[in-house]
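Novice: 3D model of this:
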Amino acid sequence: RMDYNYYYQDNQIIFHHSLSKNPDPDKFTMHAHKMCEILYFLSGSGKYIVEGSEYTIEPGSLMLMRQSEAHKVQIRPDCTYERIALHFSPSIIQQIDPEGKLLAAFKNRPLGQRNFYHRGSYRSGFVLECLNSMKSDTDDDYSRRLSIISHLFPILSEVNAAFIARQDEIESKPYQNISRELVYYVNYNLMSPDLSLDSLCEHFLVSKCHLNRIFKNATGSTVWNYVLIKRMMAARQMLKSGKPASEVCQACGFRDYSSFYRLYKKYFNTTPQKEKSN
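Specialist: This next block holds a predicted model:
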């Protein structure tokens, strides 16, 4: 069960302070967001898996995920899991920072790398103070939104400074092992209509069972569920940018529109045409 100490949502922001007592690990599945995410870890024990990379989380640590970066938390059920999460659209930042310098920690790094900041690598107390200051006692949505946005920029500035300080950090290479190579290969060929379990097994010379086991250990998801989630996130962005549904269907690797339509409705509870018109 998850309890919200605070919750706010509009079309550009989702902000919540949440508490899960005796968290059920099965409830925390692999997923991705259409927004950037900042997650401050307050209590609990476990690890985050982001695109094949594992991070052990601890109180005061920070996780950053950019748009469509697939991730999953593996949390111990005997410890209360408390966190503050902020999801925001990059368009909020672009109005003030058109060059996107404040988003460097989200965008200027390889997929699934440098997502984690331990509490000693940045001013964790300052960031927590900013996050707590986002909470407003008023019922006025305009004031609640303003409180969140006005404290977002100091957080991004602090995170950006910590990111720059880590520029000389040695990156793990995509071909470090088969699991990272597999995640890299799937993302590189994500929109290809020829991407399939059979083609992956042929390329990596492993059985379907072994392939899915490797991939699930790396990402927390089966290969095909991962592919579909990433394709759906990309399709949603394309539709919202004004592209025709039939063009989006082909661009996202679907051979027929009916399959694309059914999956889109399943994932987002709306049709591609309605999404495009919103």
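
Novice: next, the buried residues of the helix or strand C209 falls within.
Specialist: For C209, the element it lies in under DSSP states H and E is helix 208-219. By neighbour count with 16 or more other Cβ atoms under 10 Å, helix 208-219 contains the buried residues L211, N212, I214, F215, K216, A218, T219. Bear in mind the C-beta positions are built from the backbone N, C-alpha and C, glycine included.

Novice: buried ones in the helix or strand just after it?
Specialist: Scanning forward in sequence from helix 208-219 by DSSP H and E, the next helix or strand is helix 223-240. Judged by neighbour count using 16+ other Cβ under 10 Å, the buried positions of helix 223-240 are 223, 225-236, 238-239.

Novice: between those, which is nearest L146?
Specialist: Nearest to L146 among the buried residues of helix 223-240 is R236, at 27.2 Å by Cβ to Cβ.

Novice: against which helices or strands is the helix holding C209 packed?
Specialist: helix 178-188, helix 197-204, helix 223-240 (3 or more Cβ pairs under 8 Å, 6 or more residues apart in numbering; DSSP states H and E).

Novice: looking at those helices, which is nearest to S246?
Specialist: The nearest among these, by Cβ to Cβ, is helix 223-240 at 11.0 Å.

Novice: what's next to the helix or strand following the closest one, contact-wise?
Specialist: The element immediately downstream of helix 223-240 (helix or strand, assigned by DSSP H and E) is helix 245-251. Helix 245-251 is contacted from outside by M191, A235, M238, L239, K243, Y257, F260, P272, Q273, K276, using Cβ atoms under 8 Å, 6 or more residues apart in numbering.

Novice: does the third one touch Y264 like I think?
Specialist: It refers to M238. No: the criterion here is Cβ atoms under 8 Å, and M238 misses it with Y264 at 11.3 Å.

Novice: ok, then the element right after whichever strand or helix holds A104?
Specialist: For A104, the element it lies in under DSSP H and E is helix 104-107. Sequence-wise, the next helix or strand downstream of helix 104-107 (DSSP H and E) is strand 116-117.

Novice: each with direction, which strands does that following strand pair with?
Specialist: strand 62-65 (antiparallel) (DSSP bridges).

Novice: quick one, the helix holding C209 and helix 178-188 angle?
Specialist: On the basis of axes from the mean of the first three to the mean of the last three Cα atoms, to 10 degrees, helix 208-219 is oriented at 90 degrees to helix 178-188.

Novice: can you list the low-confidence ranges for the stretch 151-278 of the chain?
Specialist: The model of the stretch 151-278 of the chain has pLDDT under 70 over residues 168-177, 276-278.

Novice: rerun that using 80 as the cut-off
Specialist: 167-180, 276-278 (pLDDT under 80).

Novice: contacting residues for the closest residue to K72 other than its chain neighbours?
Specialist: In this structure, K72 finds its nearest non-sequential neighbour in G220, 3.5 Å apart by Cβ to Cβ, 6 or more residues apart in numbering. By Cβ under 8 Å, 6+ apart, G220 lies in contact with T29, M30, I49, K72, Q74.

Novice: by neighbours, which of the residues you listed wins?
Specialist: I49 (22 neighbours; other Cβ atoms under 10 Å).

Novice: and the pLDDT for that residue?
Specialist: With respect to pLDDT, I49 scores 91.

Novice: likewise T138?
Specialist: For T138, pLDDT reads 89.

Novice: neighbours of R123, how many?
Specialist: With other Cβ under 10 Å as criterion, R123 counts 15.

Novice: tally of neighbours for the residue lying closest to it once chain neighbours are set aside?
Specialist: Nearest residue to R123, sequence neighbours excluded (Cβ to Cβ, 6+ apart): E158, at 5.8 Å. Residue crowding around E158 was assessed by other Cβ under 10 Å; the count is 19.

Novice: what residues of the helix or strand encompassing E158 count as buried?
Specialist: When elements are assigned from DSSP H and E, E158 belongs to helix 141-165. By neighbour count on 16+ other Cβ under 10 Å, the buried set for helix 141-165 is 144-145, 147-149, 151-152, 155-156, 158-160, 162-163.
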